[in-house]
Every structure is written in structure tokens, then in C-alpha cells.
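# Quick one: sequence plus predicted model below, questions after.
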Amino acid sequence: MNAIRLLTGPWTNELSTLVARAQCRLAICAPFVSAFGAAVIRNARSLNRPPEVRLLTDFSPQAICAGATDPHAVADLCSCFPSATLVHLPRVHAKVYIADGTRAVVSSGNLTRGGLIDNFECGIALDDPVQAARIEREIGAYAALGAIIAPDVLATVCDLAGECTRAHQAHAAAAPKTAARRLQRALEATGDALLRARLSGGTLHAVLARTIEFLLLHYGPMPTTRIHALVQRIHPDLCDDSIDRVIDGTRFGKKWKHAVRTAQQQLKRRGVIVYSDNLWSLDGGFEPRSDPSGVIPSPE
């Protein structure tokens, strides 16, 4: 069997084969998930010994409103695997499917009918344990930046999804002020539920500390301004520029930037990172990756 195979056109069978072969664990990273895509995974799963599943996706309210992601389909998919872990990470864009850290599909296709059948997609299938394991570690690092969505939170998002979709449709059809307000309320309610989930595993400082470690591990030393730009790009929902820190009526800059500073100081006191020559770096070095400046412009 070829270690690397090109995937073009419909690739449902390739994904089904990968899922069916998963013995211990299955990692799925797809920003958009539909009922069709969930059914492909469900129908291909092993009935004898379901693997541990980690699903990394983007549960942003906008994606739900537009119908790109169906929370009910996600819930249905998770229910098929007793040990499934659902992780929400805004801006995740990778489409990766990995079985047991030995086989992987890296594709442009989401876990939807369009991504699997209808669209013009392109990707590769890897039967290479070394490379598949590296891909699995990278997706695991992404997942560590996100929030685990517990079953009760997933149920809440499912309940809110219907109102989000109806409000979005009403707004698109007529766009009166009442429809706009209804849509805004639906978006805020869903966003609040997800934001609570994002912080349920620890404080904001803990989330930011994990992110800073991730950035310095992957891209090496950088100044605080660069860290700010990258952190905000990864966590747009946590880095709101409209909220300032105010003490006794005096404004002291963006509140989220102060939280980043606190996280930096906590990591420094723990001996995880060091500061020298105006650069923060990870004590112990970093794993070189492609420089992200092509995607995220350097700050002035």
C-alpha cells in the first residue's frame, strides 16, 4: 500500500475505511459538521470496540446560524462513542482525520456532504505512523487551546441552535429592527454558553498561559506585541478590544492584554518562560514551525 495517496473527488469511502480501522483512538478535526458527515462516521464505526474519539470543531454561533455546523449532528455523533470528547476552538480551520496515530487524512473537506462528496476538494491519505503521529500531536496541541464541551453545554447549544437559525433566517428575509435584535440576542446567548465552557477548565489566565506556551514552543522567541497579535487571532472571543481595564476612573488599556501580562508573569515565576532582550522565550527551546507572519501580520 502506498504511504501517501492523493484524494480528489468524493472520498467518503476513504474516510469510512479509516474510521473502521481505528482500534484505540480516532481524532477528527473539522470546523463544520453536518448530519451527513456524522452519519458517515457513525455507520463506519466498529461495533465491537468503539475507539476513543476526540472531535475538534468550531461551535461559533455564526457557523450554527448559517447552518455550516449542526449541533444536533455533533450530539448524535458523540452519542455513538461512549468516550467521545468534544472540543470547541474558534478559528480552527484544519480538516484532519487520524486513526490510532498511524493513519491520517489531511484534506480541504469538512465533515459535511459538500466536503465529502459535492465540492471540489483535494487532500492526501497517509499510511505513515511517523507522520501520522506528528499530525496527531499537532491537532492535540490545537485541542489544548480550546474548551471541552460537556454534555450539558452541548444540550444547551442544541436548544439555542433552533432559535439562532430562525432568527438568522428572519433577519436575512426582511432585516427589520426587531429581527436584528432577535438575531443579536440569539447570538449572544449561544456565545455566552460557549464562553462559559471555554473558561470552565480554569481561569482566563490559565487559558492564556497555555496559549503563550503553545506559541513560544512552535514559533520561538517573540516580543509581547507579537504575542498579543497571535493570542487575539487564536482567541477572538476572549480578546475584546472594546473592554478596557478601569481603576478609580482611569483607563489602563485593554483588559485582555492585562490578562496576557498576568499569564506571562505566572509562567515566568514558574520557570516556564524567560524574558531577555525584549523577547519572551520558552525555557528549553522550541519546535520550529513555519513562521505565522504570512497569516498574521506583524504588529506595528
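Yep, that arrived. Residues are numbered from 1 along each chain as shown.
# shaky segments in the stretch 151-300 of the chain?
For the stretch 151-300 of the chain, the stretches flagged by pLDDT under 70 are 164-195, 197-202, 243-253, 285-300.
# Which stretches in it count as strands?
Counting by DSSP state E, counting those that start in this stretch, the stretch 151-300 of the chain has strands at residues 244-247, 250-254, 273-276, 279-282.
# next one: the stretch 1-150 of the chain
According to DSSP E, counting those that start in this stretch, the strands that the stretch 1-150 of the chain contains are 4-8, 25-29, 52-57, 85-88, 96-99, 103-107, 122-127, 147-148.
# mind putting those strands in JSON lines, distance to Ala73 and mean neighbour count included?
All C-beta spots, glycine's among them, are computed from the backbone N, C-alpha and C. Formatted as JSON lines, the strands of the stretch 1-150 of the chain follow (distance: least, CB to CB, whole Å; neighbours: other CB atoms under 10 Å):
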{"stretch": "strand 4-8", "distance to Ala73": "23", "mean neighbour count": "12"}
{"stretch": "strand 25-29", "distance to Ala73": "12", "mean neighbour count": "23"}
{"stretch": "strand 52-57", "distance to Ala73": "10", "mean neighbour count": "22"}
{"stretch": "strand 85-88", "distance to Ala73": "12", "mean neighbour count": "22"}
{"stretch": "strand 96-99", "distance to Ala73": "16", "mean neighbour count": "24"}
{"stretch": "strand 103-107", "distance to Ala73": "19", "mean neighbour count": "22"}
{"stretch": "strand 122-127", "distance to Ala73": "21", "mean neighbour count": "18"}
{"stretch": "strand 147-148", "distance to Ala73": "19", "mean neighbour count": "19"}
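# wait, which of those is closest to Gly67?
strand 52-57 (14.3 Å; CB to CB).
# hmm, who's touching that closest one?
Strand 52-57 is contacted by residues 24-33, 69, 74, 77-78, 81, 83-89, 92, 139-140, 142-143, 146 when judged by CB atoms under 8 Å, 6 or more residues apart in numbering.
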